[in-house]
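Give the three-dimensional model of this entry:
(4 chains)
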There are 4 protein chains.
Amino acid sequence: MSSLSTPAVTGSKASAAPLPRRTDFPHFLAIPTRWMDNDVYGHVNNVVYYSYFDTVINEYLIREGGLDILDGAAVGYCVESQCRYLAPLAFPEIIDAGLRVAHLGNSSVRYEIALFPQSENTPAATGWFVHVFVAREDDRPTPMPAGIRACLERLMVSGT
Amino acid sequence: MSSLSTPAVTGSKASAAPLPRRTDFPHFLAIPTRWMDNDVYGHVNNVVYYSYFDTVINEYLIREGGLDILDGAAVGYCVESQCRYLAPLAFPEIIDAGLRVAHLGNSSVRYEIALFPQSENTPAATGWFVHVFVAREDDRPTPMPAGIRACLERLMVSGT
Amino acid sequence: MSSLSTPAVTGSKASAAPLPRRTDFPHFLAIPTRWMDNDVYGHVNNVVYYSYFDTVINEYLIREGGLDILDGAAVGYCVESQCRYLAPLAFPEIIDAGLRVAHLGNSSVRYEIALFPQSENTPAATGWFVHVFVAREDDRPTPMPAGIRACLERLMVSGT
Amino acid sequence: MSSLSTPAVTGSKASAAPLPRRTDFPHFLAIPTRWMDNDVYGHVNNVVYYSYFDTVINEYLIREGGLDILDGAAVGYCVESQCRYLAPLAFPEIIDAGLRVAHLGNSSVRYEIALFPQSENTPAATGWFVHVFVAREDDRPTPMPAGIRACLERLMVSGT
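Here you go, the predicted structure:
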């Protein structure tokens, strides 16, 4: 399905950029597919890719940054996400989700994610995801907590 | 949460464009939220927005374009999608999903979608979604069937 | 697929009981299917039926009983659910979910649900769902709020 | 939340039976939770438990029994499922799903599943799931393929 990723097909300039490799990502999470991830065409449904994005990001924030999703004063809201689908995935595959930080602001962070089939070095999908941290109390942007900032700095890749 | 949609926050030039209105969309589907759409923060999870995109598109292709998802010779694969989140949605709201066609190629189509809370004229989210039609047999791009093309032409908006 | 519902197949005595009809249910909610509800076999996945159960119940509790899912002192936890699958459902069908109350305790309620394809009087699935209301503060069973009890009493069917 | 599992609360005689332990299950699959599994109450939503059931079963059938979900002549349809919820689960926990076969018929199989939090010997949930194998061609019950039967026999537990 690599022919699907040509710029002519996706109509996106971004697609002309070279694809990232495993070594471009400082953090990985193995995400097993589930039976119901597959849709009627026998592949993981396009929607589900974003749940892999969501999961690799929040698992990292909780384990490494101390994000408290029930009671923390700051909450991460997604304000934008995007995905390019390069090759199909299917249950019962296990996906290696790679994560890096492309931009770290005061209250916002832009992640880049790539999904690799196990034992492959070319991603089946790439995408981005932007979190804005807001105060749980009033939904207004707030500087991200120190523990979260520290763990995100470790995911910044020079040159991005 | 309108402050979340400022360009400074999303870091995206696209966000400076004026938001579309209901009259900018020739087709709508009412999509009721479900209990499990809400995540731990009490809003519809970012992933679920894409299932609304998926649903308004495929419902239209099946009802108006004769798409046969089980046996049709051509299958629509998603090669790219994107969403900007402008305001929260929550169960038990009903969402009006607006759909238009921004670009219609030989085998591909680029949809634009906006999600409106009922009785509001400002979208809670906007996004795009690119379908490439491939032959079910060999997964290679194929011209889209005539019935599908005809129904998509009716969703093209002059000036987009 | 009606042959699938014979007692021999399901191995359950319950399946010998006559199937409920639309008139057996005092409340209905129309639930449109979504594209990703379908699984690889082209039907709504068995898991998704429970999200229809969840949705008809909670939509009713919020709209009719004043359930406040974000701040209410009492929270409804599911302690048991069951579903018998009698006939396939598929996107883009709209499902009529019927709801009644079979048993109303001090802090618990047992719902019975049936899913009807539109314009059919025989359910495609039947099931039950038990809620126990607990205090949000300490997760201990608590009498259900008066507004919720009142709306559930209206769903009790004589003879059940 | 153990108090929720008393017979008085669930209204089910089955709940008086002793809970199964890890040693009661011949097969396990580790299933990591996902961010969107959590619902507004901060726990894995009741619906999602069934996707864990679905996944441990089908992953086993594919890997050990040669189930071909795209082209196989026989297809497993779920005709009944049930779950008792004994304790909450929450992202980012990893769940150990235990699987055994309680009854193996000619074309049907009744599985029993228990979900264990890692490093616990008491399940957070138990349930059953009944598959009937049908011919893909005409949806009529058919004897299950030999490879599938063989792998299921290995999951039968004496005394069940």
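
make it CA atoms for all contacts and neighbour counts henceforth
Will do.

what does chain A put close to chain C?
Contact residues, chain A versus chain C (C-alpha under 8 Å from any C-alpha of the partner chain): A:Met36, A:Asp37, A:Asn38, A:Asp39, A:Val40, A:Tyr41, A:Gly42, A:Asn45.

at 10 Å what do you get?
A:35-48 (C-alpha under 10 Å from any C-alpha of the partner chain).

Format those as CSV; extra columns: secondary structure and pLDDT.
As requested, the residues of chain A next to chain C are exported to CSV (DSSP: H, G, I helix; E, B strand; the rest coil; pLDDT from 0 to 100):
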residue, secondary structure, pLDDT
A:Trp35, helix, 95
A:Met36, helix, 95
A:Asp37, helix, 96
A:Asn38, strand, 95
A:Asp39, coil, 91
A:Val40, coil, 88
A:Tyr41, coil, 87
A:Gly42, coil, 90
A:His43, coil, 94
A:Val44, strand, 97
A:Asn45, coil, 96
A:Asn46, helix, 97
A:Val47, helix, 97
A:Val48, helix, 98
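
and those residues near chain B, which?
A:Val40, A:Tyr41, A:His43, A:Asn45, A:Asn46, A:Val47, A:Val48.

between the residues you listed, which is closest to chain B?
For those, the minimum distance to chain B (C-alpha to the nearest C-alpha) is 5.5 Å, reached by A:Val47.

Counting neighbours, what do you get for that closest one?
Number of residues near A:Val47 (other C-alpha atoms under 10 Å in any protein chain shown) recorded here: 21.

Kindly report the residues of chain A close to chain D.
A:30-37, A:40-42, A:51-60, A:62-63, A:69-70, A:91-93.

Show only the entries of those found in helices.
Per DSSP state H, helices hold the following members of those: A:Ser51, A:Tyr52, A:Phe53, A:Asp54, A:Thr55, A:Val56, A:Ile57, A:Asn58, A:Glu59, A:Tyr60, A:Ile62, A:Arg63.

Could you identify the buried members of these?
A:Ser51, A:Tyr52, A:Phe53, A:Asp54, A:Thr55, A:Val56, A:Ile57, A:Asn58, A:Glu59, A:Tyr60 (16 or more other C-alpha atoms under 10 Å in any protein chain shown).

returning to what we had before: emit the PyMOL select command for whichever of the ones next to chain B among the residues of chain A next to chain C are buried.
Buried residues among those (16+ other C-alpha under 10 Å), as a PyMOL selection:
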select buried, chain A and resi 40+41+43+45+46+47+48
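
closest to chain C among the ones next to chain B among the residues of chain A next to chain C?
A:Val40 (4.0 Å).

Skipping adjacent residues, who's closest to that closest one in space?
Counting by C-alpha to C-alpha, 6 or more residues apart in numbering or on different chains, A:Val40 lies nearest to C:Val40, which is 4.0 Å off, once chain neighbours are set aside.

OK, contacts around the one you found?
Residues near C:Val40 by C-alpha atoms under 10 Å, 6 or more residues apart in numbering or on different chains: A:35-44, B:70, D:69-70.

how about 8 Å then?
Applying C-alpha atoms under 8 Å, 6 or more residues apart in numbering or on different chains, we find C:Val40 in contact with A:Asn38, A:Asp39, A:Val40, A:Tyr41, A:Gly42, D:Ile69, D:Leu70.

what do you get for A:Ile94?
Residues near A:Ile94 by C-alpha under 8 Å, 6+ apart: A:Ala30, A:Ile31, A:Pro32, A:Thr33, A:Pro117, A:Gln118.

In PDB, list the C-alpha atoms belonging to the helix or strand that contains A:Phe129.
Element membership for A:Phe129 (DSSP states H and E) is strand A:125-135. Output in PDB follows, covering the C-alpha atoms of strand A:125-135 (Å, rounded to 0.1, in the frame of the first residue of the first chain):
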ATOM      1  CA  ALA A 125       1.400   5.600  10.100                       C
ATOM      2  CA  THR A 126       2.800   9.000  11.300                       C
ATOM      3  CA  GLY A 127       1.000  11.900  13.000                       C
ATOM      4  CA  TRP A 128       1.000  14.700  15.400                       C
ATOM      5  CA  PHE A 129      -1.000  15.600  18.400                       C
ATOM      6  CA  VAL A 130      -1.100  19.000  20.300                       C
ATOM      7  CA  HIS A 131      -1.900  19.100  24.000                       C
ATOM      8  CA  VAL A 132      -2.700  22.400  25.800                       C
ATOM      9  CA  PHE A 133      -2.700  22.200  29.600                       C
ATOM     10  CA  VAL A 134      -5.600  24.000  31.300                       C
ATOM     11  CA  ALA A 135      -6.600  24.400  34.900                       C
END
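
Quick one: distance of that strand to the chain centre.
Here the centre of strand A:125-135 is set off from its chain's centre by 8 Å, with C-alpha atoms, centre = their mean, to the nearest Å.

List the buried residues in stretch A:138-149.
So stretch A:138-149, judged by 16+ other C-alpha under 10 Å, has buried residues A:Asp139, A:Arg140, A:Pro141, A:Thr142, A:Met144, A:Pro145, A:Ile148, A:Arg149.

That one vs chain B: in contact?
Yes. Stretch A:138-149 lies within reach of chain B by C-alpha under 8 Å from any C-alpha, at A:Asp139, A:Arg140, A:Pro141.

Which member of those is positioned nearest D:Gly76?
Using C-alpha to C-alpha, A:Asp139 is the member of these that lies nearest D:Gly76, at 46.6 Å.

quick one, phi/psi of the closest one?
phi 60, psi 20 (degrees, to the nearest 10).

ok, back up a step: can you select the buried ones from the contacts of C:Val40 in ChimeraX?
Burial among these is assessed by 16+ other C-alpha under 10 Å; the matching ChimeraX selection reads:
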select /A:38,39,40,41,42 /D:69
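
just to revisit the earlier point, of the buried residues of stretch A:138-149, closest to chain C?
So of these, ranked by how close each gets to chain C (C-alpha to the nearest C-alpha), first place is A:Asp139, at 14.7 Å.

What residue, apart from its backbone neighbours, is nearest A:Trp128 spatially?
Of all residues not flanking A:Trp128 in the chain, A:Glu112 sits nearest, at 4.4 Å (C-alpha to C-alpha, 6+ apart).

A helix includes the one you found, no?
No. The assignment for A:Glu112 by DSSP: H, G, I helix; E, B strand; the rest coil gives strand, which leaves it out of any helix.

Could you tell me how far the helix or strand encompassing A:Asp96 lies from the centre of the chain?
Using DSSP H and E, the element containing A:Asp96 is strand A:94-104. Offset of strand A:94-104 from its chain centre (C-alpha atoms, centre = their mean): 5 Å.

go on, stretch A:70-87?
Distance of stretch A:70-87 from the chain centroid (C-alpha atoms, centre = their mean) equals 8 Å.

do stretch A:42-52 as well
Using C-alpha atoms, centre = their mean, the offset of stretch A:42-52 from its chain centre is 13 Å.

for stretch A:144-160, same thing?
Computed by C-alpha atoms, centre = their mean, the chain-centroid distance of stretch A:144-160 equals 15 Å.

Could I get the average pLDDT for that stretch?
Regarding stretch A:144-160, the rounded mean pLDDT is 89.

Not counting it itself, show me its contacts.
By C-alpha under 8 Å, 6+ apart, stretch A:144-160 touches A:24-27, A:61, A:64-67, A:74, A:99-104, A:106-108, A:133.

Show me which pair in the ones in helices among the residues of chain A next to chain D is furthest apart.
The most widely separated members of these, counting by C-alpha to C-alpha, are A:Ser51 and A:Arg63 (17.8 Å).

can you pull the pLDDT of A:Pro18?
For A:Pro18, the predicted pLDDT is 89.
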